[in-house]
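Trainee: my questions concern the predicted model and sequence given below.
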Amino acid sequence: MSKSILVCVLAILLSWPAVSIVQAQALKGVFTTTTIPLKTTFNLEPHAGNPAFWSGARQLIGDIDGNGVIDLLFLKQSGDGKAFLVYSPNAPTQRYNQTFDLANVGGSVAGAVFAGLSGQGEAPFGFAGSPAGDFNGDGIDDFVLGMLGIDDNGADAGHGYVIYGKSGAARLSGSYSLVNVGTSGLPGVRFVGFEFDAFAGNDFSPAGDMNGDGVNDLWLGSFAANHPDRQSGQDDSGFFYLIYGKTGMAAWTGTHVLPDGTCGTGGIVTFVGAAEGDAAGCSLSGRVDVDGDGKNDLLVGADARWGIGAGQAYLIYGDGQNHSGKVFDLIDYTDRCAAMAPAVLDAARFDAIGTVDDAGRSVAIVGDANGDQNDTPDLLIGAWKANPKGFPLPGGEAYLIYGQGGMNRYEGDKDLATWALRFHPPSQVFDSKVRPRGTRLASVSGLQEM
């Protein structure tokens, strides 16, 4: 059994203006950024010396060029934004104890640069980037990027771009504009939010094969979209979507507007938030079988940032069925499209402890952290406004929920105070400008044992 989040196999160290990647190894003792062995450093493209415009090494993005080694994605949020895809060399001697400048990506540094869309809203690129698995069934991994501020279909409707990986001489290289996604110039597909302020593309997660057709699927968030029954105002209950992968001539391409809650959109399953202001889909973590039934599940946050602010997270169990065109409401997990005998999904909800916690702001399925006999993946849920220690400003809290499978799997509504192991900062320190420094749990993530 692997204690996944307790075994440190990879370190990503952000030390402006550089990011360091450390080879998986057993490290003991205290290291500085200059003394860690087998380290590769990437010098970040500067932006007025401000590291806040970088998301750092956001993702191990998959094998995008088909050479058998996992590649890296760096995201820059400033201006129109940029994404840097960096290919990992085959030979370890070329991979470690090297320094690369991201300004050279697409040239002397193998990879590709993707630029944002000029003149279409504020375009805060870099809010989201994720592996997509092999979404078009060609045997090569793909990846997805999100831009929330794009105004194509109303102000801040948002976009999600799936970019297809290529191998050999055809692999992606040089510089690209995301305007061309879905064309012969940049193979892939663009998904557009259905209304203004939908913020489509705020988060993604690979889903694995959810409908049993042998092709990887994708989860996509649109956390400020309005509920189908309340689209005349600013409802902000939030949407998220399961988009089924397709192969060959049927593979996704071009531009597609995401469903607005209307039934029957082929190839896409829609999920809508339970209550006004819920922000369902603000965080997504899938591609893992949590309950041990052989089908992948999803952990999704609804942090209620637009509403009362308590928040919750939902664990939605996959059933291996094709639900294309259906619309499920998180109120009761029932398909809104069927007049008789509607499909109902099995699920559990984990509720915040405090009234303004924003629980679910970040979520992660992390593998078997406690090494129990169940050998089931465990769950992490972040609540960045929680303040259990009574600090002058919220310190945040993280919740570890041990997985349970079979007849013992989680069902119904659960209180995080009862069902979770809690983590929070021990103290809070302020700098000269009265800002808390290093004392807030802002997000959660997990490492699988590699």
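Mentor: Yep, it's here.

Trainee: from here on, contacts and neighbour counts on C-alpha atoms
Mentor: Fine.

Trainee: what's the spacing between residue 244 and residue 72?
Mentor: 25 Å (C-alpha to C-alpha, to the nearest Å).

Trainee: more neighbours: which of these two?
Mentor: Neighbour totals were compared for residue 244 and residue 72, and residue 244 leads with 27 against 20 (other C-alpha atoms under 10 Å).

Trainee: test my guess that that one contacts residue 216.
Mentor: Yes. Assessed by C-alpha atoms under 8 Å, residue 244 is found in contact with residue 216 at 7.2 Å.

Trainee: between these two, what contacts are shared?
Mentor: Common neighbours of residue 244 and residue 216, counting by C-alpha atoms under 8 Å, 6 or more residues apart in numbering, are residue 210.

Trainee: the strands in the stretch 251-400 of the chain, which residues?
Mentor: For the stretch 251-400 of the chain, strands defined by DSSP state E, counting those that start in this stretch occupy the ranges 254-257, 268-272, 280-288, 297-302, 312-316, 327-329, 334-335, 347-351, 359-367, 378-383, 397-401.

Trainee: among these, which is nearest residue 156?
Mentor: For residue 156, the closest of the strands of the stretch 251-400 of the chain is strand 254-257, at 13.7 Å, according to C-alpha to C-alpha.

Trainee: and that closest one, which residues are buried?
Mentor: In terms of neighbour count (16 or more other C-alpha atoms under 10 Å), strand 254-257 has its buried residues at 255, 256.

Trainee: other SSEs contacting that strand?
Mentor: strand 188-192 (3 or more C-alpha pairs under 8 Å, 6 or more residues apart in numbering; DSSP states H and E).

Trainee: roughly how far is the strand it packs on from the heart of the chain?
Mentor: Chain-centre distance of strand 188-192: 17 Å, with C-alpha atoms, centre = their mean, to the nearest Å.

Trainee: can you show me the CA trace of the helix or strand that it is followed by as CSV?
Mentor: The helix or strand immediately downstream of strand 188-192 is strand 200-208, counting by DSSP states H and E. The C-alpha coordinates for strand 200-208 follow below in CSV (Å, rounded to 0.1, in the frame of the first residue of the first chain):
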residue,chain,number,x,y,z
ALA,A,200,-16.0,28.9,-18.3
GLY,A,201,-12.5,27.3,-18.0
ASN,A,202,-11.9,28.3,-14.4
ASP,A,203,-10.8,24.7,-13.7
PHE,A,204,-10.4,21.3,-15.4
SER,A,205,-9.6,17.8,-14.5
PRO,A,206,-8.9,14.7,-16.6
ALA,A,207,-11.8,12.3,-16.1
GLY,A,208,-10.5,9.0,-17.6
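
Trainee: what are the contacting residues of the helix or strand just after strand 200-208?
Mentor: Sequence order places strand 217-222 as the next helix or strand after strand 200-208, per DSSP H and E. Strand 217-222 is contacted by residues 132-133, 135, 160, 193, 198-210, 238-245, 280-284, 286 when judged by C-alpha under 8 Å, 6+ apart.

Trainee: partners of strand 217-222, with directions?
Mentor: strand 200-208 (antiparallel), strand 239-243 (antiparallel) (DSSP bridges).

Trainee: residues touching the residue lying closest to residue 302 once chain neighbours are set aside, list them.
Mentor: Using C-alpha to C-alpha, 6 or more residues apart in numbering and skipping the chain neighbours, the partner closest in space to residue 302 is residue 280 (3.9 Å). Residues in contact with residue 280 (C-alpha under 8 Å, 6+ apart) are 221-224, 237-240, 272-274, 300-304.

Trainee: run the chain-centre distance for stretch 161-176.
Mentor: Distance of stretch 161-176 from its chain centroid, counting by C-alpha atoms, centre = their mean, is 21 Å.

Trainee: same deal with stretch 183-191?
Mentor: Relative to the centre of its chain, stretch 183-191 is centred 21 Å away, using C-alpha atoms, centre = their mean.

Trainee: and that stretch, which residues are buried?
Mentor: By 16+ other C-alpha under 10 Å, the buried positions in stretch 183-191 come out as 186, 187, 188, 189, 190, 191.

Trainee: quick check, residue 141 in contact with residue 162.
Mentor: No. With contact defined as C-alpha under 8 Å, residue 141 does not reach residue 162; the gap is 10.8 Å.

Trainee: between those two, which contacts overlap?
Mentor: residue 132.

Trainee: quick one: contacts for residue 402?
Mentor: Taking C-alpha under 8 Å, 6+ apart, we find residue 402 in contact with 368, 369, 370, 377, 378, 379, 420.

Trainee: residues near the closest residue to residue 330 other than its chain neighbours, how many?
Mentor: If the residues on either side of it in the chain are set aside, residue 330 comes closest to residue 274, at 4.8 Å by C-alpha to C-alpha, 6+ apart. By other C-alpha under 10 Å, 20 other residues sit near residue 274.

Trainee: quick one, what contacts residue 274?
Mentor: For residue 274, the contact set (C-alpha under 8 Å, 6+ apart) comprises 237, 280, 329, 330, 331.

Trainee: out of these, which end up buried?
Mentor: 237, 280, 329, 330.

Trainee: pretty sure the last one sits against residue 276.
Mentor: Think residue 330. No. Under the criterion of C-alpha under 8 Å, residue 330 makes no contact with residue 276, lying 11.9 Å away.

Trainee: and the residue nearest to residue 330, what's its pLDDT?
Mentor: Confidence at residue 274, expressed as pLDDT, is 92.

Trainee: the one 5 residues further on now?
Mentor: Per-residue confidence for residue 279 comes out at a pLDDT of 94.

Trainee: these two touch, right, it and residue 235?
Mentor: No. Applying C-alpha under 8 Å, one finds residue 279 not in contact with residue 235, separated by 9.5 Å.

Trainee: how many other residues sit next to residue 422?
Mentor: Residues lying near residue 422 (other C-alpha under 10 Å) number 16.

Trainee: what sits against it?
Mentor: Contact analysis of residue 422 by C-alpha under 8 Å, 6+ apart lists 397, 398, 399, 400.

Trainee: now, among the contacts of residue 274, which is nearest to residue 313?
Mentor: Each of those was checked against residue 313 using C-alpha to C-alpha; the closest is residue 280, at 8.7 Å.

Trainee: run through this protein and note the low-pLDDT ranges.
Mentor: Low-confidence regions of the chain, defined by pLDDT under 70, span residues 1-58, 78-80, 91-98, 117-127, 149-155, 231-234, 373, 392, 426-450.
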